[in-house]
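[1] this one's structure only:
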């Protein structure tokens, strides 16, 4: 195996379910307030102690416009000191990629839209130009680090262009792999997907992209987030994104607030027999920090409200 | 076919999806405030104009303790005047059944717990005694009206007894059919089910109870409500319960607030190719009435927040 293939296998083993917590990146894109660096470090450490291993910790963006991500290097360093943990960061342009390559981040995420209309509106680039970023990052890194994840946004429908064809999405994903991406994420950026759409895309792409790990990134905009996650699991997906408290959304997708709730995703997986390695009760102890550090932000999540069932066996047996 | 079989077929045709709106019954069990009779009639008429046909309008209970159901006869009469609409009412004892038989209600629901512990705690009867109510109702009605629906509560797990075996649930459901029930509902009363549990039970009971119509009644207590509804649809279920705004819960199940959100259920079905006959935009016009008539009650629902997608085809093609 090449060094990048080995790294991909290390981050995303082929057994078990991986839940990636994106609150510190996707969760903070739109918020008026954001946690202090100390609180973010407590966030990472507490989630890690609960069993979370995959963290997207920020985006390499100009700190004047996006002060919430100013401490990204510090957080990458924090994650590197947590046993078995991996850091991921969003890079939307050449400058961001160059900055990311100066750090020890484990994975960089490059966003490629499924539609030309969304691409031009969201990152002011054509899709081909975004795929060019993947090539550039692959060419500039050394020793196959960091991994490159191409995140195909609006993969289940676009707020501008409308319906999106799964075969078109597969074509773009394949182009990203050819350009050097080792991981592909498919994002329901604007929350248009129902479980049937998730099934259709996953059943198409998982076997065709194999052994490239496939991530499904869902928003709960229209109440189908957890149903879509279940459909993804049923269709062979073993890596899912979420944010604590369902924080976040896309600044270019009006009304598209709310990633799928990470805590609820843990319950769904465990109740469905997929061991996550995460202690839900410990994870729920993070809620007061979220409430304190993000005043005025709505915090979603059924498990935080009702708690796990007490009288039944709901945890999956780990492998 | 017997008159009751014909009635069952009329209420629950064997094609298409039926969504039953239970807000005026399950949604009002715990609320501190409740709508005026005029507002309830507007609720029924507006939902009917949006395409809803199945309404549970209340419970036959002592009006001194449960004033929210005092106007149940008036609401049954209202539904009887709405074209193609059906009314349903909960009856928990002999007196309630006798009262219901004096009205023109289309269906009475008799609750039978899946566990002895829940039965004694919830309705202070053994399960056998509850099944006896089904026999009694079947014997006392005339010309096969109203239909009798046995609702098996805690069918996916019990807050007292813990895990519940699907074969035990099937046994109780079969006893209810033998006692005279023409319709069986399975309720996740305390919100313990994940989609795998729903699939397991539905795949067991649907073929074995056929042609008896099977209803799945879900609560969104732990965020799996819509995922469970999808699992039910995938497992052959064509009748699902919900409440507008996700109102309601079980007074004997602490924390078990919130039926699955009816509006979100409509979106799930339509986006999954199951035509509901319901105009979601028209239905959402009921939200201001809910907010006005139930001050202080949390109203859930993603569609009410985000609205249906504008740029894609998400409605099922009706048959």
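    Nice, thanks for sending it over. In this text the structure is predicted, and so the values were computed from the model without any measurement.

[2] what helix or strand does residue A:170 sit in?
    When secondary structure is defined using DSSP states H and E, the element that contains residue A:170 is helix A:166-179.

[3] Can the next helix or strand after that helix be said to contact chain B?
    The helix or strand immediately downstream of helix A:166-179 is strand A:183-187, counting by DSSP H and E. No: counting by CB under 8 Å from any CB of the partner chain, no contacts exist between strand A:183-187 and chain B, the nearest distance being 15.3 Å. Every C-beta, even on glycine, is put in place using the N, C-alpha and C of the backbone.

[4] Give me the buried stretch members for strand A:183-187, please.
    A:183-187 (16 or more other CB atoms under 10 Å in any protein chain shown).

[5] residues making contact with that strand?
    The list of residues contacting strand A:183-187 from outside it, by CB atoms under 8 Å, 6 or more residues apart in numbering or on different chains, reads A:8, A:11-12, A:107, A:109, A:147-156, A:169, A:173, A:176-177, A:201-202, A:205, A:209, A:212-219, A:241.

[6] From residue B:102, how far out is the nearest residue to residue A:194 once chain neighbours are set aside?
    Counting by CB to CB, 6 or more residues apart in numbering or on different chains, the nearest residue to residue A:194 once its immediate chain neighbours are dropped is residue B:271, at 3.2 Å. Distance of residue B:271 to residue B:102, computed by CB to CB, to the nearest Å: 42 Å.

[7] mind checking pLDDT for residue A:15?
    Reported pLDDT at residue A:15 in the predicted model: 76.

[8] And it, how close does it get to residue A:290?
    Using CB to CB, which is the criterion applied here, residue A:15 is 31 Å from residue A:290.

[9] of these two, who's got more company?
    Between residue A:15 and residue A:290, residue A:290 has the larger neighbour count (other CB atoms under 10 Å in any protein chain shown), namely 21 against 7.

[10] how about the residues of the stretch 51-200 of chain A near chain B?
    Residues of the stretch 51-200 of chain A found near chain B, taking CB under 8 Å from any CB as the criterion, are A:157-163, A:190-197.

[11] and those, which of them are in helices?
    Those of those mapping onto helices are A:195-197, per DSSP state H.

[12] from the buried residues of strand A:183-187, which is closest to chain B?
    Closest approach between the buried residues of strand A:183-187 and chain B, by CB to the nearest CB: residue A:187, at 15.3 Å.

[13] Quick check: beta-bridge partners of that closest one?
    Beta-bridge pairing of residue A:187, defined through DSSP bridges, involves residue A:217.

[14] Helices along chain A, start to end?
    Listed in chain order (using DSSP H), the helices of chain A are A:3-11, A:37-49, A:72-80, A:94-101, A:116-123, A:127-140, A:166-179, A:195-209, A:225-234, A:262-271, A:280-284, A:287-293, A:302-306.

[15] list the helices and strands the third one packs on?
    The one in question is helix A:72-80. Using 3 or more CB pairs under 8 Å, 6 or more residues apart in numbering or on different chains; DSSP states H and E as the contact criterion, the neighbours of helix A:72-80 among helices and strands are helix A:37-49, strand A:54-59, strand A:86-90.

[16] And the last one, by the same measure?
    Under the contact definition 3+ CB pairs under 8 Å, 6+ apart, helix A:302-306 sits against helix A:262-271, helix A:280-284.

[17] and the residue of the stretch 1-150 of chain A found nearest chain B, what does it touch?
    Among the residues of the stretch 1-150 of chain A, residue A:117 lies nearest to chain B; the distance is 9.9 Å by CB to the nearest CB. When contacts are counted by CB under 8 Å, 6+ apart, residue A:117 is found next to A:158, A:160-161.

[18] Looking at neighbours, which among those is most surrounded?
    Sorting the contacts of residue A:117 by how many neighbours each has (other CB under 10 Å) puts residue A:158 first, at 27 neighbours.

[19] how about the nearest residue to that one, chain neighbours excluded?
    In space, residue A:158 is closest to residue A:115, 4.5 Å off (CB to CB, 6+ apart).

[20] what's the answer for residue A:134, then?
    Nearest residue to residue A:134 in three dimensions, chain neighbours excluded: residue A:179, at 4.1 Å (CB to CB, 6+ apart).

[21] Hmm, residue A:149 and residue A:11 touching each other?
    No: taking CB atoms under 8 Å as the contact criterion, residue A:11 and residue A:149 are not neighbours in contact, 9.3 Å apart.

[22] Between those two, which is the more surrounded one?
    Here residue A:11 and residue A:149 are set side by side on neighbour count (other CB under 10 Å), and the busier one is residue A:149, at 27 against 22.

[23] shared neighbours of residue A:11 and residue A:149, which are they?
    Overlap between the contact sets of residue A:11 and residue A:149, as judged by CB under 8 Å, 6+ apart, is given by A:107, A:183.

[24] Just give me the neighbour total for residue A:13.
    Once other CB under 10 Å is used to define contacts, residue A:13 is seen to have 11 neighbours.

[25] re earlier: what subset of the residues of the stretch 51-200 of chain A next to chain B is buried?
    Neighbour-count burial within those applies to A:157-162, A:190-197; the criterion is 16+ other CB under 10 Å.

[26] what would these look like in CSV with pLDDT and distance to residue A:47?
    Conversion of those to CSV gives the following (pLDDT from 0 to 100; distance: CB to CB, whole Å):
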residue, pLDDT, distance to residue A:47
A:157, 96, 31
A:158, 96, 32
A:159, 92, 31
A:160, 95, 35
A:161, 96, 36
A:162, 96, 37
A:190, 90, 27
A:191, 93, 24
A:192, 95, 29
A:193, 97, 26
A:194, 97, 30
A:195, 98, 27
A:196, 97, 32
A:197, 97, 30
